[in-house]
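Trainee: Using only what follows, build the 3D model:
(chains A, B, C and D)
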2 protein chains.
Amino acid sequence: MESEGERAGRPATLADIAMRAGVATSTASRALSNPGRVNAATRERIERVAAELGYSPNSQARALTSGRTGAIAVLVSDVTNPFYFGIIRGTQRQLKASGYSQLLIDTEESDQNEDALLHRLRSSFDGAILSASRLSDRALAELAAELPLVAINRQTRGVPSVVIDTPGGIVQAVGHLVSLGHHEIAYVSGPETSWSNESRWRAFVKATAAHGVTGKRLGPFSPRQRAGAAAADAALNAGVTAVIAFNDLLAIGMLQHLASRGVRVPHDLSIVGCDDIFGADFCNPPLTTLTAPIEQAGRLAVTLLLARLDPRSAPSARQAAVLPTYLTVRSSTGRSPGPRA
Amino acid sequence: MESEGERAGRPATLADIAMRAGVATSTASRALSNPGRVNAATRERIERVAAELGYSPNSQARALTSGRTGAIAVLVSDVTNPFYFGIIRGTQRQLKASGYSQLLIDTEESDQNEDALLHRLRSSFDGAILSASRLSDRALAELAAELPLVAINRQTRGVPSVVIDTPGGIVQAVGHLVSLGHHEIAYVSGPETSWSNESRWRAFVKATAAHGVTGKRLGPFSPRQRAGAAAADAALNAGVTAVIAFNDLLAIGMLQHLASRGVRVPHDLSIVGCDDIFGADFCNPPLTTLTAPIEQAGRLAVTLLLARLDPRSAPSARQAAVLPTYLTVRSSTGRSPGPRA
DNA sequence: ATGAAAGCGCTAACAA
DNA sequence: TTGTTAGCGCTTTCAT
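Mentor: Coordinates of the predicted model:
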């Protein structure tokens, strides 16, 4: 388990190997990274020496000549948000399986940060995965032209993406609520700069209209647990019997605040979340939500990105993948208490 | 927001700037990274040109000469575990504030992975933060001699560390349970290769002995929510009236399984978790747990690491920092039902 | 199949 | 204060 033979503590270089194996550094390089273009016997010798010396290539030096770093940047808008844990988990695993490493970057919900960091670190990664980009369509498209990237939950012309079809799930959720007798439903909005938020809202509008029920919009609220208190009060105030929240974090925050106010869920108010994050199954009551294949989205984004990094792959590979979502009914939704005052 | 003036799509280099500013590249280099050692007027001119060209230094090239990459590796044993979310959040924020970037590495609970990845990526980072290392004391100490690192929740001679004093909290937790009338308490063990697990167990043994109550050991269990089912059954079987679980994940899993079996918490069995992860406050019932300053531990680890990376800092800075923990009583603990059969 | 040599973009002596 | 000159470790022509 211990790397042996490092001289004087300094990691072995290709030159060290070449010297010890009695070949030129170029041969050593070829043997290690381009086997087949070198005599089998010498290659074997070189490999043996490399192993003896515990050699591992200096990725910086390699990157300098080859232009490839072996790292992928993963941008999240808020490391604090459990939704991104799923993304990070998915990307981490898939990247690792492909021999890449992951540069994790938090943009803190700022498009300025997003653009600046991406440019500043440009030479440190081969491609980027933007989950929940806050960039404008135009800025995003320009960026996509400059560097290989895949967006998650963001559909923009010219930008390869993986989108989770939560809007499709919203339709199911509205149907579910209507079937429970709800006629006044509200959508608890997240950040208005979020593409996901707006597409969920549009789906909500269509679905409520199709069912002939009232669909209100509350918010915007910060997509955090804490904001659930304000959201809950707003919902109570709006006189609706059910809400669909932008995400589970907000929904869970609402649950907590409602409990403290003595409002019973789902008896007095039904709540549906989005994403099915960690905790949605064990909160009180367990949350009815739209289960999103978050981790899978992360994995798929990596797959798409690595495919376009590979020069052998078809130039115009699949541009946009859509992942389905489904309604998981737990205990936060129930029959309508009937119209309120 | 768009970087202007890049020639032919290729990012501007120092040579480009030097040429346009009519100076040598070394002067340009100095002006940008060592201001003060260059004439104010020329520096200004160089800076202006750099801005015009949207210059950003190639970190690979810089790393090659300077030996510094500006990246820190953060190793977690399982990206899936919410405990590490706190760590990642803390490191991410502190690193970002210091202008460093974060390389996130999942070791998947394997010491082999840990060692191999660290060596393979050695040239890609300036230092590493090992949260929950699975390495042996000897391997860890050797590693610490080779590269700058800080361990979290791991105390080993010669290895700078940040440890969260959960064992100290265990003493409080035992006291809390005893004061509620519990005489038969079990510790629900996590992985035996975990340093944290063993030190928590030792504290548990001491504390139960000091109070003259029975302290059993259950497990080991995988530190996951799923393992809570087996742990819950084991606890029921052991005839104890209260348990302290290795971590909240396990405790929450137990809560779920007990609910499905109709066992009431805390009426029939009291449960204490460790860490106070996301979700511990809204599970059902809300979990009594040892609140750990997880994010702060991540931040502090970064601070210690960057300090030892800084040549100006005292050579033997603080080696081990201990962060206190405190008992957060919620609703999963209550009076003992009296001794069981 | 292999070696010699150039150069990626940058920093760091050393001169001037 | 500034310029000249070597490299850092690697890949990649171009010869041989």
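Trainee: Would you work out how far apart the start and end of stretch A:14-31 are?
Mentor: Its start and end residues considered, stretch A:14-31 measures 11 Å (C-alpha to C-alpha, to the nearest Å).
Trainee: Return the set of buried residues in it.
Mentor: Neighbour-count burial for stretch A:14-31, counted by 16 or more other C-beta atoms under 10 Å in any protein chain shown, picks out A:Leu14, A:Asp16, A:Ile17, A:Ala18, A:Arg20, A:Ala21, A:Val23, A:Thr27, A:Ala28, A:Ser29, A:Arg30, A:Ala31. Using the backbone N, CA and C atoms, a C-beta is placed for each residue, glycine as well.
Trainee: anything in the helix or strand encompassing the fourth one near DNA strand D?
Mentor: This means A:Ala18. Element membership for A:Ala18 (DSSP states H and E) is helix A:14-21. Yes - if you take C-beta under 7 Å from any atom of the strand as the test, helix A:14-21 does meet DNA strand D, through A:Leu14, A:Ala15.
Trainee: The helix or strand following that helix vs DNA strand C: in contact?
Mentor: Past helix A:14-21, heading to the C-terminal end, the next element that is a helix or strand (DSSP H and E) is helix A:25-33. Yes - Helix A:25-33 lies within reach of DNA strand C by C-beta under 7 Å from any atom of the strand, at A:Thr25, A:Ser26, A:Thr27, A:Arg30.
Trainee: Strands of chain A, start to end?
Mentor: If you assign secondary structure with DSSP state E, the strands in chain A sit at A:71-76, A:101-106, A:127-131, A:149-152, A:161-164, A:184-188, A:214-218, A:242-245, A:270-275, A:288-291, A:320-323, A:326-328.
Trainee: which residues are in contact with the shortest one?
Mentor: Strand A:326-328 has contacts (C-beta atoms under 8 Å, 6 or more residues apart in numbering or on different chains) with A:Gly169, A:Gln172, A:Ala173, A:His176, A:Asp276, A:Thr288, A:Thr289, A:Leu290, A:Thr291.
Trainee: you'd agree A:Glu184 is up against A:Lys216?
Mentor: Yes - applying C-beta atoms under 8 Å as the test, A:Glu184 and A:Lys216 come out as touching, 7.4 Å apart.
Trainee: Identify the contacts common to those two.
Mentor: Common neighbours of A:Glu184 and A:Lys216, counting by C-beta under 8 Å, 6+ apart, are A:Ala238, A:Val240.
Trainee: and stretch A:25-35, average pLDDT?
Mentor: For stretch A:25-35, mean pLDDT rounds to 93.
Trainee: Then stretch A:116-128?
Mentor: Mean predicted confidence for stretch A:116-128 is 94.
Trainee: That one vs DNA strand C: in contact?
Mentor: No - applying C-beta under 7 Å from any atom of the strand, one finds stretch A:116-128 separated from DNA strand C by no less than 7.8 Å.
Trainee: What residues of that stretch count as buried?
Mentor: Judged by neighbour count using 16+ other C-beta under 10 Å, the buried positions of stretch A:116-128 are A:Leu117, A:Leu118, A:His119, A:Leu121, A:Arg122, A:Ser123, A:Ser124, A:Phe125, A:Asp126, A:Gly127, A:Ala128.
Trainee: again, but for stretch A:264-279
Mentor: When burial is assessed from 16+ other C-beta under 10 Å, stretch A:264-279 yields the following buried residues: A:265-266, A:269-279.
Trainee: Please apply the same query to stretch A:177-191.
Mentor: Of the residues in stretch A:177-191, A:177-178, A:180, A:182-191 count as buried by neighbour count, 16+ other C-beta under 10 Å.
Trainee: One more: stretch A:141-159?
Mentor: By neighbour count, and taking 16+ other C-beta under 10 Å as the criterion, the buried residues in stretch A:141-159 are A:Leu143, A:Ala144, A:Pro148, A:Leu149, A:Val150, A:Ala151, A:Ile152, A:Asn153, A:Arg154, A:Thr156, A:Val159.
Trainee: Skip the chain neighbours and tell me the closest residue to the fourth one.
Mentor: The shortest distance from A:Leu149 to any non-neighbouring residue, by C-beta to C-beta, 6 or more residues apart in numbering or on different chains, is to A:Ala128 (4.5 Å).
Trainee: Identify the bridge partners of that neighbour.
Mentor: Each beta-bridge partner of A:Ala128 is listed here: A:Ala73, A:Leu149, as defined by DSSP bridges.
Trainee: Pull the contacting residues for it.
Mentor: Under the criterion of C-beta under 8 Å, 6+ apart, the contact partners of A:Ala128 comprise A:Ile72, A:Ala73, A:Val74, A:Leu75, A:Leu118, A:Leu147, A:Pro148, A:Leu149, A:Val150, A:Leu305.
Trainee: Tell me where the stretch 201-341 of chain A has helices.
Mentor: Residue ranges of the helices in the stretch 201-341 of chain A, as given by DSSP state H, counting those that start in this stretch, are A:228-238, A:248-261, A:294-309.
Trainee: so of the ones you listed, which one's packed in deepest?
Mentor: helix A:248-261 (a mean of 23; mean count of other C-beta atoms under 10 Å in any protein chain shown).
Trainee: relative orientation of it and strand A:184-188 in degrees?
Mentor: Relative orientation of helix A:248-261 and strand A:184-188, computed by axes from the mean of the first three to the mean of the last three C-alpha atoms, to 10 degrees: 120 degrees.
Trainee: Could you count how many residues lie near A:Arg68?
Mentor: The criterion is other C-beta atoms under 10 Å in any protein chain shown. On that basis, A:Arg68 has 12 neighbouring residues.
Trainee: ok, it touching A:Arg62?
Mentor: Yes - between A:Arg68 and A:Arg62 there is a contact under C-beta under 8 Å: 7.4 Å.
Trainee: circling back to that earlier point, who wins on neighbours among the contacts of strand A:326-328?
Mentor: When neighbours are counted as other C-beta under 10 Å, the busiest of those turns out to be A:Thr289, with 31 neighbours.
Trainee: so what's that residue bridging to?
Mentor: A:Thr289 has the following beta-bridge partners by DSSP bridges: A:Gly273, A:Thr328.
Trainee: Show me the shaky parts of chain A.
Mentor: Confidence mapping of chain A against pLDDT under 70 gives the ranges A:1-9, A:313-318, A:338-341.
Trainee: which bits of it sit near DNA strand C?
Mentor: So far as C-beta under 7 Å from any atom of the strand goes, chain A lies against DNA strand C at A:22-27, A:30, A:37-39, A:41-43, A:61, A:64-65.
Trainee: Among those, which ones lie close to chain B?
Mentor: On the criterion C-beta under 8 Å from any C-beta of the partner chain, A:Ala61, A:Leu64 are the entries of the residues of chain A next to DNA strand C that sit beside chain B.
Trainee: show me the contacts for A:Phe278.
Mentor: Contacts here follow C-beta under 8 Å, 6+ apart; on that basis A:Phe278 touches A:Pro82, A:Phe85, A:Gly86, B:Pro82, B:Phe278, B:Gly279.
Trainee: got the phi/psi numbers for the last one?
Mentor: Going back to what we said before, that points to B:Gly279. The phi and psi values for B:Gly279, taken as degrees, to the nearest 10, are phi 110, psi -20.
Trainee: ok, it - contacts?
Mentor: A:Phe278, A:Gly279, A:Phe282, A:Cys283, B:Pro82, B:Asp248, B:Ile252.
Trainee: again, only this time at 7 Å
Mentor: Contacts of B:Gly279 were listed using C-beta atoms under 7 Å, 6 or more residues apart in numbering or on different chains, and they are A:Phe278, A:Gly279, A:Phe282, B:Pro82, B:Ile252.
Trainee: to the chain's geometric centre, what's the distance from stretch A:194-210?
Mentor: Stretch A:194-210 has its average C-alpha position 21 Å from the chain's average C-alpha position, going by C-alpha atoms, centre = their mean, to the nearest Å.
Trainee: and A:Arg10, how many neighbours?
Mentor: Burial of A:Arg10 is recorded as 8 neighbouring residues (other C-beta under 10 Å).
Trainee: A:Ala40 too?
Mentor: 10.
Trainee: Repeat that for A:Gly36.
Mentor: With neighbours defined by other C-beta under 10 Å, the count for A:Gly36 comes to 8.
Trainee: Can you tell me the closest non-neighbouring residue to A:Pro148?
Mentor: With C-beta to C-beta, 6+ apart as the measure, A:Gly127 is the residue that lies nearest to A:Pro148, at 3.8 Å, once sequence neighbours are left out.
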